[in-house]
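Student: Build me a model:
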Amino acid sequence: MKLRIGLVGLGDVWQTRHAPALRTMSDRFEVHAVCDQVAHRAEQVAAEFNADAVDGYRTLAMREDIDAVLLLSPQWYGALPILAACESGKAVYCAAGLDLEFEESQLVKTRVVESGIAFMAEFPRRHSPATVRLKELIATRLGAPRLVFCHQRSAAQNSSHCLPVRPPDHFSAQHLVELVDWCCYVIDRQPTLVTGLMHRTGCNAADDDYQMMSLDFSEVVHPGSGPVAQISCGRYIPPDWQEAITYRPLAYMQVSCENGIAFVDLPATLVWFDEAGRHVESLDSERPIGEQMLTQFYRAVTSLVRLTSDLEDAYRALYIVREARRSHQEGRRIAL
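Tutor: Down below sits the predicted model:
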């Protein structure tokens, strides 16, 4: 059975992740329509996949020859394509929904549940070979995580935009949501307390250049007794300072466990230490991450069992990021 799909937005990883996966999995997916705010780009991709370039996401979602919508870039649409898919009863693969504001995510969650459609949020860090191997080591050699450190460093946003974009709601929301989910996935539980801190160079949310949070996974009555994760995102380096951006990058994730410590560099490098010394692993995956995630989506759509874990996890991560901002504003730790 082939799923007839429509593409909404062609994101930054279209050429490296989604396009190769769709070509390889042509026995399971068939692109019928493409919508992008750059009409010429939509026409090019549509021609490549022998599909139609359409003017709007609503037109795409309402087509009878579409079974599922792949939202690959938020652009200016926000949650609107997801809501349109819910109205039309179309499944949704959401690679951009993590950029939603919390209020939008509440509406999306309600509509998805009410419509009964299959919904999958894209969490590539979970499926990377390094993360899979880390989970194996936690279960067999390293033991339970005690401390987790994640840092995302990127270039500052260019002040000039030639295309319409959504109004900024704190620059690092999407990165933070993905990192929060990654930490919860590795630790395998949900945090109970959050402390947030933000740095702003001006008066507007667009001027945020650093945000961090500390997640406590202890019981509420015994704070600090369980695992703790520290997450931070920064965009304090000018975009044209490429050498500075790549200078001495930190490990994507550092995990201190009961019996050792691990350093994760996505997608496939893992260095870990125990009593025997240092172990370096360069990992290969049988299939690229894009194919793995689309395979899960295909199963979710064609299965009789409706999966909602991704929706709950995405919503929960957005909620934690929002509470971290509230923690900064109120100057106190927030119970989740």
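Student: Give me the nearest residue to Phe123, chain neighbours excluded.
Tutor: Take Phe123 and drop its neighbours on the chain: the residue closest to it by C-beta to C-beta, 6 or more residues apart in numbering is Asp181, 5.6 Å away. All C-beta atoms are positioned from the backbone trio N, CA, C, and that covers glycine.
Student: how about that neighbour, phi and psi?
Tutor: Phi and psi for Asp181, reported as degrees, to the nearest 10, are phi -60, psi -40.
Student: Run the chain-centre distance for stretch 77-87.
Tutor: 18 Å (C-alpha atoms, centre = their mean, to the nearest Å).
Student: any idea of the mean pLDDT in it?
Tutor: Rounded to a whole number, the mean pLDDT of stretch 77-87 is 90.
Student: Would you mind listing the outside residues contacting it?
Tutor: In this structure, residues lying in contact with stretch 77-87 by C-beta atoms under 8 Å, 6 or more residues apart in numbering are 8-9, 57-58, 60-62, 69, 71, 91-92, 94, 97, 100-101, 104-105, 107-108, 111-112, 114-115, 117, 166.
Student: The residue nearest to Phe123 - how many residues pack around it?
Tutor: For Asp181, the neighbour count with other C-beta atoms under 10 Å is 22.
Student: Quick check, it in contact with Asp310.
Tutor: No - with contact defined as C-beta atoms under 8 Å, Asp181 and Asp310 do not form a contacting pair (9.5 Å).
Student: re the thing from before, could you flag which of the contacts of stretch 77-87 are buried?
Tutor: Burial of the contacts of stretch 77-87 was assessed by neighbour count (16 or more other C-beta atoms under 10 Å); the buried members are 8-9, 57-58, 60-62, 69, 71, 91-92, 94, 97, 100-101, 104-105, 108, 111-112, 115, 117.
Student: any idea whether Ser327 is helix, strand or coil?
Tutor: Following DSSP: H, G, I helix; E, B strand; the rest coil, we place Ser327 in the helix state.
Student: Leu10 is in contact with Arg41, correct?
Tutor: Yes - taking C-beta under 8 Å as the contact criterion, Arg41 and Leu10 are neighbours in contact, 6.0 Å apart.
Student: give me the element the nearest residue to Arg316 once chain neighbours are set aside is part of.
Tutor: Nearest-residue entry for Arg316: Gln190, 6.8 Å, with adjacent residues in sequence omitted and distances by C-beta to C-beta, 6+ apart. Counting by DSSP states H and E, Gln190 is held by no secondary-structure element, helix or strand.
Student: Which pLDDT does the model give Gln190?
Tutor: Note on Gln190: pLDDT of 94.
Student: List the contacts of it.
Tutor: For Gln190, counting by C-beta under 8 Å, 6+ apart, the contacting residues are Cys184, Phe217, Arg316, Leu336.
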